[in-house]
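J.: my questions concern the predicted model and sequence given below.
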Amino acid sequence: MMLRYALKSVRARKAAFFGAFLALMCAAALITACGTLLETGLRGSIRTERYTATPVLVSADQNVHRTTVKHKKGKTKIKHKAKPIAERAWLPQGLADTLAHTPGVARVVPELTFLAQPLTANGTGGRTAYGHAWDSAALTPYRLTAGKAPKSPTDLVVDPWLAGRARLEVGDRLTVQSTQAPRTYRVSGIAAPTVDVRHQTSLFFSTEEARRLAAHPGKVTAFGLFPDRGTDTGRLRSAVARTLRGTGAQVGSGDSRGAVEFLDAAAARTKLVSLGGAMGGTSLLVAVLVVVGTFALTVQQRHRELALLRAVAAGPGQIRGLLGREALIVGAVAGLTGALLGLPLGGLLHSRFVAMGAVPATLRLTVGVFPVVAGVVATTAGAWASARVASRRITRIRPAEALAESRTEPARLPWGRVLAGLLLLAGGTVLVVVLTSLRTEPASTPVTFLAVVVLSTSVALLGPLLVKAAVLLLGGPLRLIGPGGRLATANLRGNAARMASVVTPLTLLVGMTCTVLFVTPTLGDAARAQAREGVRADQVVVPAGPGVPAEAARRLRAHHDVATEVVRTTVRVGLDKYAAQGVTPAGLTRTWDPGVTAGSLDRLTDRTVAVSELAADQLHLKPGSTLKLTLGDGTPTELTVAAVYSKGLGFGDLTFTHDLVARHVDNPLAAVVLVSTTRTRTQIATALRDVPGARVVSPRTADHLQAQRQQANAEVNHLAMGLVLAFTAIAVVNTLAMSVSERVREFALLRLAGATRRQVLRMLRTEALSVVLLATVLGSGIALAVLTAFSVGMTGRAAPSVAPLLYVAVVAVAGLLALAATALPGRAALRVRAVTVATAKE
């Protein structure tokens with residue numbers, strides 16, 4: 001019976017439920033899209049290209065591992081955790097003999113993969129270029145279509161893609177920037193793959209030259225294994241796994257080969273899991289907050305109807321059941337619709353991340369049933385819970401009181417709501433205080449956005465009180481505007497609950513937008529400020545390609561300049577990740593000053609390390625301490641701390657010698673070369689004119705280039721959180737439109753009392769601007785508190801970076817949304833004849 005009545009109620013009040021439907025649909029779409037990204041990170045496949053013809057692939061382990069054993073109450077718990085390393089791990093070449101003697105193995109093909117960037121005018125068309133030995137061409141396989149295989153160290157075979165873009169033919173010359181100095185090769189042949197290779201271009205060298213360029217003597221990237229006749233892939237894989245047990249080598253086949261081939265795609269899985277989880281969690285919190293407010297407004301609009309039901313003997317349980325069933329119906333339909341819309345939205349997000357370079361195209365989008373189910377369940381449950389929360393007031397008071405309150409709002413807020421609002425305000429304050437002590441970005445970022453949502457929720461609960469307080473401050477100025485201002489003041493005072501439902505999403509919009517826009521510049525500007533203070537170089541050599549080759553620094557030192565090569569990587573201490581760099585020790589203090597507070601950089605050698613104060617505090621280090629860590633390629637090492645420095649935000653947490661890092665990274669070319677010299681920039685540029693890809697700039701220009709790279713990275717975060725902000729903006733418009741559309745009778749009475757259409761519209765604009773002002777103050781206050789705490793924790797300074805023009809734009813957009821969402825339904829409501837409305841309502 002109640003379900004049938006709920007269906008009839010929803011059908012009869014389509015317009016009333018449209019606002020809730022829209023909010024729930026957008027929430028479901030957002031949650032489903034985030035779930036799609038999360039599922040892609042967890043289960044996304046990486047299709048192999050170069051290893052297509054290789055049944056079984058042996059590679060090094062790309063993770064660091066930690067196993068902990070806990071004994072509790074007579075039980076032993078063993079936990080194993082693994083984290084990926086930043087660079088490619090290598091295998092000993094001698095493992096080939098062991099593999100060759102494994103039963104079922106007919107052929108073992110060693111593989112070398114290394115940096116090899118062709119220096120052509122047209123580039124590679126967005127494809128990553130890799131160098132290989134010609135011996136490994138059989139792994140794809142590649143077949144010669146013109147010319148011959150490379151024999152001498154200066155021979156080179158290219159694929160048709162590169163040959164077409166660079167207009168190369170057999171016998172032409174091509175300069176390649178690899179791990180060593182740039183070198184010009186003769187194109188000895190063109191080889192085409194027998195399968196579709198779309199995400200890379202391959203350059204094949206002679207075996208001797210490939211080993212030189214790979215710069216890992218006695219090691220290989222992987223081994224491709226081909227079975228004997230009659231041995232299937234599964235049996236071969238099992239046999240090889242038994243042979244390699246205990247060596248740490250990994251055996252792969254099928255889709256697992258793609259993760260070995262495209263390390264960036266494997267690393268992107270972790271990024272997508274983190275990004276999808278953060279977006280999904282924030283979206284869910286925002287959705288719950290917005291949907292609760294929407295249902296509260298819907299119930300408030302039906303207060304008289306529900307009061308009449310109470311008066312004719314409907315019990316509190318029946319009212320709760322009715323509202324709950326209505327919410328389930330609307331939530332289920334909206335959730336399913338939104339979830340289906342969320343699937344293409346997730347695909348669009350994935351494609352945008354690929355276009356921005358945040359996710360490689362080789363990590364294919366995975367679409368399963370889990371995101372759809374999550375979107376529908378979360379939305380339906382949120383709708384039901386929102387309806388239950390919104391119905392608490394009317395089901396707890398006596399029917400007579402319910403009828404009285406249907407005409408006017410209750411004079412006081414329920415004490416439970418006030419208490420909950422104060423508790424959330426206290427909780428948000430605690431989160432802000434905690435934020436001041438968090439000094440790592442992975443720890444502080446989720447707390448930052450959680451604090452904004454919690455404080456905005458406290459605003460939602462305490463909203464009516466805040467609106468009444470605002471009226472006390474704004475009442476005098478508003479009355480000076482004229483009749484419209486006096487009417488607006490009366491409405492704000494008498495309908496504080498309704499206005500509070502509008503203030504909440506506006507506050508969330510302003511607070512969340514400001515936080516998203518200014519949290520990254522706060523961190524980036526502080527890092528750049530430290531870098532500017534610490535760079536003492538007269539000139540800086542920056543790369544135009546993959547890096548600055550060592551030849552540039554050698555030429556500079558030949559003219560008695562100090563040239564500090566900086567190569568960057570990421571290392572792990574235990575399972576924790578730290579940004580690291582390698583620098584040339586000779587003359588280091590003339591070009592680089594990280595703010596040493598203990599020890600000395602003069603002690604920096606291949607057996608020592610300098611650490612930031614943050615790393616020193618976290619790892620309990622001081623000069624003379626021993627630090628065990630895992631380098632970028634998985635090589636464990638033990639170093640002595642030589643110095644502790646303060647500018648870790650600008651220069652990374654760990655600093656090694658250049659040569660130590662260069663031996664354990666995929667790209668040993670310098671990210672920059674800092675130069676201390678008495679020569680002019682023109683003279684240095686002349687000395688480096690024969691070094692491709694090296695450009696001489698001032699330290700100020702280098703700082704601007706770094707700012708551009710930071711902006712490109714920030715765009716990924718802006719896109720990720722932009723959907724949450726868009727959803728919040730939709731909620732603002734939706735809530736405002738619902739709030740205005742229910743006031744048809746009020747407008748009719750005003751017009752019958754002598755108010756003109758223009759005066760009513762002026763009243764609406766005044767109300768909207770008052771609400772925008774209150775929401776701007778609250779949202780800006782929340783964002784300022786959170787950003788200041790973030791800045792204190794991450795940079796040590798209570799000075800967040802806020803762009804004034806951008807902030808004004810945020811407030812202007814919020815104001816325009818509020819005015820548009822008020823004016824349009826207001827004009828529509830005023831089109832109806834006042835006498836008709838008043839008579840119909842009575």
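T.: Alright, I've got the coordinates.

J.: in the stretch 51-200 of the chain, where is pLDDT below threshold?
T.: Residue ranges of the stretch 51-200 of the chain with pLDDT under 70: 72-74.

J.: name the element F370 belongs to?
T.: Here F370 is covered by helix 369-390, with elements defined by DSSP states H and E.

J.: next: V571.
T.: Assigned by DSSP H and E, V571 belongs to strand 562-573.

J.: could you pull out the buried residues of the helix holding F370?
T.: By neighbour count on 16 or more other CB atoms under 10 Å, the buried set for helix 369-390 is 370-372, 374-380, 382-390. C-beta coordinates here come from the backbone N, C-alpha and C atoms, glycine included.

J.: now do stretch 138-157: distance from first to last residue.
T.: 14 Å (CA to CA, to the nearest Å).

J.: try stretch 614-634
T.: 23 Å.

J.: picking that back up, packing partners of the helix holding F370?
T.: For helix 369-390, the packing partners by 3 or more CB pairs under 8 Å, 6 or more residues apart in numbering; DSSP states H and E come out as helix 14-43, helix 263-301, helix 316-355.

J.: doesn't H216 belong to a helix?
T.: No - read with DSSP: H, G, I helix; E, B strand; the rest coil, H216 is coil and lies in no helix.

J.: what's the neighbour count on it?
T.: As a burial measure, H216 scores 19 neighbours (other CB atoms under 10 Å).

J.: before we move on, which element is M512 in?
T.: Element membership for M512, per DSSP H and E: helix 496-534.

J.: buried residues of that helix, list them for me.
T.: Across helix 496-534, burial judged by 16+ other CB under 10 Å covers 496-531, 534.

J.: immediately after that helix, which helix or strand?
T.: strand 539-543.

J.: just the mean pLDDT for the following helix or strand past that next one, thanks.
T.: Under the assignment DSSP H and E, the closest C-terminal helix or strand after strand 539-543 is helix 550-558. When pLDDT is averaged along helix 550-558, the result is 91.

J.: off-centre distance for helix 550-558?
T.: When distances are taken as CA atoms, centre = their mean, to the nearest Å, helix 550-558 is centred 39 Å away from the chain's centroid.

J.: could you give the angle of that helix to strand 539-543?
T.: Relative orientation of helix 550-558 versus strand 539-543 (axes from the mean of the first three to the mean of the last three CA atoms, to 10 degrees): 160 degrees.

J.: what packs against helix 550-558?
T.: Helix 550-558 sits against strand 562-573, strand 672-676, helix 681-687, with contacts defined as 3+ CB pairs under 8 Å, 6+ apart.

J.: minimum distance to E715: which of those has it?
T.: strand 562-573 (20.8 Å; CB to CB).

J.: adjacent strands (with direction) for the next helix or strand after that closest one?
T.: Note on strand 562-573: by DSSP H and E, the next helix or strand toward the C-terminus is strand 576-583. Strand 576-583 pairs in its sheet with strand 562-573 (antiparallel), strand 654-657 (parallel), by DSSP bridges.

J.: can I get those strands in TSV including mean neighbour count, distance to A116 and mean pLDDT?
T.: Formatted as TSV, these follow (neighbours: other CB atoms under 10 Å; distance: least, CB to CB, whole Å; pLDDT from 0 to 100):
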stretch	mean neighbour count	distance to A116	mean pLDDT
strand 562-573	24	18	95
strand 654-657	25	25	97
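
J.: distance to V260 for the ones you listed - can I get that in a markdown table?
T.: Compiled in a markdown table, those are given as follows (distance: least, CB to CB, whole Å):
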| stretch | distance to V260 |
| --- | --- |
| strand 562-573 | 19 |
| strand 654-657 | 27 |
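
J.: got a pLDDT number for the closest residue to A820 other than its chain neighbours?
T.: Spatial nearest neighbour of A820, chain neighbours left out: V733 (7.3 Å); criterion: CB to CB, 6 or more residues apart in numbering. We have a pLDDT of 79 for V733.

J.: quickly find the element holding V733.
T.: helix 699-741.

J.: packed most tightly, which of the helices and strands packed on helix 369-390 would that be?
T.: helix 14-43 (a mean of 24; mean count of other CB atoms under 10 Å).

J.: which other helices and strands does it contact?
T.: Under the contact definition 3+ CB pairs under 8 Å, 6+ apart, helix 14-43 sits against helix 263-301, helix 316-355, helix 369-390, helix 699-741.

J.: so after it, what's the next helix or strand?
T.: Heading C-terminal from helix 14-43, the first helix or strand you meet, by DSSP H and E, is strand 56-59.

J.: what does that following strand contact?
T.: Residues from elsewhere that reach strand 56-59 (CB atoms under 8 Å, 6 or more residues apart in numbering): 51, 89, 91, 95, 99, 221-225, 227, 233, 236-237, 240, 244, 249-253, 256-257, 260.

J.: can you list the strands that it pairs with?
T.: strand 222-227 (antiparallel), strand 250-252 (antiparallel).

J.: still on that earlier bit, dump the helices and strands packed on helix 550-558 into JSON lines; add distance to L774 as well.
T.: Putting those into JSON lines (distance: least, CB to CB, whole Å) gives the following:
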{"stretch": "strand 562-573", "distance to L774": "45"}
{"stretch": "strand 672-676", "distance to L774": "49"}
{"stretch": "helix 681-687", "distance to L774": "55"}
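
J.: and the residue lying closest to T570 once chain neighbours are set aside, what does it touch?
T.: Among residues not flanking T570 along the chain, A86 sits closest, at 3.8 Å (CB to CB, 6+ apart). Contacts for A86 (CB under 8 Å, 6+ apart) come out as A267, T569, T570, V571, K577, G632.

J.: can you confirm A86 is in a helix?
T.: No - counting by three-state DSSP, A86 is not part of a helix but coil.

J.: how near is T67 to V354?
T.: 36 Å (CB to CB, to the nearest Å).

J.: sorry, that was for L322
T.: 48 Å.

J.: lowest-confidence helix or strand of the chain?
T.: helix 399-405 (a mean of 52; mean pLDDT, DSSP states H and E).

J.: moving C-terminal from that one, which element do we reach first?
T.: Counting by DSSP H and E, the next helix or strand C-terminal to helix 399-405 is helix 415-435.

J.: remind me what that next one packs against, helices and strands.
T.: Using 3+ CB pairs under 8 Å, 6+ apart, helix 415-435 sits against helix 441-479, helix 757-795.

J.: and the angle for that helix with helix 441-479?
T.: Interaxial angle of helix 415-435 relative to helix 441-479 (the same axes, to 10 degrees): 130 degrees.

J.: centre of the chain to helix 415-435, how far?
T.: Distance, centroid of helix 415-435 to centroid of chain: 27 Å (CA atoms, centre = their mean).

J.: what residues sit buried inside that helix?
T.: R417, A420, G421, L424, L425, G427, G428, T429, L431, V432, L435.

J.: could you find the closest non-adjacent residue to the third one?
T.: In this case it means G421. Nearest non-adjacent residue to G421, counting by CB to CB, 6+ apart: L461, 3.2 Å away.

J.: neighbouring contacts of stretch 377-384?
T.: Stretch 377-384 has contacts (CB under 8 Å, 6+ apart) with 20, 24-25, 27-28, 31, 284, 287-288, 291, 295, 324, 327-328, 330-332, 334-335, 338-339.

J.: ditto for stretch 147-167
T.: Taking contacts as CB under 8 Å, 6+ apart, the residues outside stretch 147-167 that touch it are 118, 120-125, 127, 129, 134, 137, 142, 144-145, 168-170, 174, 176, 183-193, 197, 201-206, 208-209, 212.
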